[in-house]
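1. here's my sequence, what's the structure:
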Amino acid sequence: MHIVIVDSSRVVLRIVAGMLEPRGHVVTQFTDSVEALAYVTDTPKVRALITSLEVRPLSGLELCWSARLLAESSRPLSIIAMSSARNARNLAEALDSGADDFIDKPPGAEELQARLRAAERLTTLQGDLIRLAETDPLTALLNRRAFLQRTRDAAQKAGPFGNLCAILLDIDHFKRINDEYGHDVGDAAIKAVAGLIEPEGIAGRLGGEEFAVIVAGHPLAAAEAIASRLRLKASDLRIRSPKGPVRLTCSFGVSEWSDGETVEGLLKRADIALYEAKATGRNRVVSAMADLILARAG
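-> From the prediction side, this is the model:
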């Protein structure tokens, strides 16, 4: 498990790390609580934070509170407070500030290992619950809610002038596949298309046979190239059925982030381009252009 330890004393840090590293844990040490919080924020693999209450510039209680906010934003994280002054008040304040557990400083080796085993069970359960809440059960892609949240996070990270593109796609004549070959084959088709788009960026199933991909750090031309490649891969798919292999195609709409735009606007323009691809023959890639948007919105 990746563990971050925060204490103002390097001696305490060495003692605690010396108990953990021989057990196979990855340990990162900080004397500065602000630096520790930044590291935990930017390192999703961190699963446990052990912090003394006597740290600066953020107090241990403030660090517990800030880390708890991270954990509440769909991230497994166990927070353990430690103090050389173990009393009812410190314990209550630490737990009220978001800590999951409280230990003496410096902790005993046996107690520390037991607390971390409990923390590992907790974060494993948290991770399982998060996956259930965020994952589409058929395809294992992000569900609609989780996809939109990840997209908002990507847009915020990209900033007003960053490169961010949306690709919306759906399976052409999907109802015909279900009607002719059965829903089991339809489900197999959905899973096959999902397998194509998963490596391309932030990928989600928006519902039914409709999918979306967010491509960060690339301009419109790169997103168009990805969509074109996916279109060809989709047309090469062969879905097994009792009546023989089933072929399918997909239509694509692509849009590019513009200054001042909302995530909803970005996806809406891609959706309008997808509608245009459907209306003009299917099995096509159409990009959202200003004149197209005005025509469809009017």
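
2. how does this protein divide into domains?
-> Here the domain parsing of the chain from automatic domain parsing is 2-134, 144-297.

3. point out where the stretch 1-150 of the chain drops to low pLDDT.
-> Along the stretch 1-150 of the chain, the model assigns pLDDT under 70 to residues 73.

4. and the helices in it?
-> 10-20, 33-42, 60-72, 88-96, 109-134, 144-158 (DSSP state H, counting those that start in this stretch).

5. who are the packing partners of the last one?
-> The reference is to helix 144-158. Contacting helix 144-158 under the criterion 3 or more CB pairs under 8 Å, 6 or more residues apart in numbering; DSSP states H and E are the following elements: helix 109-134, strand 164-171, strand 202-207, strand 210-216, helix 263-279. Just so you know, the C-beta spots here come from the backbone N, C-alpha and C atoms, and that holds for glycine as well.

6. for that helix, buried residues please.
-> For helix 144-158, a neighbour-count test (16 or more other CB atoms under 10 Å) marks 146, 147, 148, 149, 150, 151, 154, 155 as buried.

7. now, of the helices and strands packed on helix 144-158, which is deepest in the fold?
-> strand 164-171 (a mean of 26; mean count of other CB atoms under 10 Å).

8. may I have stretch 13-33 as CSV, with CA atoms only?
-> Output in CSV follows, covering the C-alpha atoms of stretch 13-33 (Å, rounded to 0.1, in the frame of the first residue of the first chain):
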residue,chain,number,x,y,z
LEU,A,13,9.2,9.9,10.2
ARG,A,14,12.2,7.6,10.1
ILE,A,15,10.8,5.5,12.9
VAL,A,16,7.4,5.0,11.3
ALA,A,17,8.8,4.5,7.8
GLY,A,18,11.2,1.9,9.3
MET,A,19,8.2,-0.1,10.6
LEU,A,20,6.4,0.0,7.3
GLU,A,21,8.9,-0.3,4.4
PRO,A,22,10.1,-3.8,5.5
ARG,A,23,6.5,-5.0,5.2
GLY,A,24,6.4,-4.0,1.5
HIS,A,25,4.6,-0.6,1.9
VAL,A,26,5.6,2.4,-0.3
VAL,A,27,6.2,5.2,2.1
THR,A,28,6.5,9.0,1.2
GLN,A,29,7.5,11.3,4.0
PHE,A,30,6.8,15.0,4.6
THR,A,31,7.5,17.6,7.3
ASP,A,32,5.4,20.2,5.5
SER,A,33,1.6,19.5,5.6
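
9. which residues sit against that stretch?
-> With CB atoms under 8 Å, 6 or more residues apart in numbering as the test, stretch 13-33 has contacts from 1-10, 36, 39, 43, 46, 50-51, 55-60, 62-63, 106-107, 109, 112-113, 116.

10. list the buried residues for that stretch?
-> For stretch 13-33, by 16+ other CB under 10 Å, it's 13, 15, 16, 17, 19, 20, 25, 27, 29, 30, 31, 33.

11. residue contacts, residue 147?
-> 141, 202, 203, 204, 205, 206, 212, 214 are the contacts of residue 147 under CB under 8 Å, 6+ apart.

12. now the two most distant members of the residues you listed.
-> 205 and 214 (13.4 Å; CB to CB).

13. got phi/psi on residue 259?
-> phi -60, psi 130 (degrees, to the nearest 10).

14. give me phi/psi at the closest residue to it other than its chain neighbours?
-> With sequence-adjacent residues excluded and distances taken as CB to CB, 6 or more residues apart in numbering, residue 259 is closest to residue 160, at 4.9 Å. Phi and psi for residue 160, reported as degrees, to the nearest 10, are phi -70, psi -20.

15. wait, doesn't residue 74 sit right on residue 135?
-> No: applying CB atoms under 8 Å as the test, residue 74 and residue 135 come out as separate, 11.4 Å apart.

16. number of nearby residues for the residue nearest to residue 259?
-> 10 (other CB atoms under 10 Å).

17. do you know how far it is from residue 258?
-> Distance, residue 160 to residue 258, by CB to CB, to the nearest Å: 9 Å.

18. okay, and the common contacts of the two?
-> Counting by CB under 8 Å, 6+ apart, nothing touches both residue 160 and residue 258.

19. tally of neighbours for residue 84?
-> 12.

20. once you drop chain neighbours, what's closest to residue 192?
-> In space, residue 192 is closest to residue 237, 5.2 Å off (CB to CB, 6+ apart).

21. nothing else from me, thank you.
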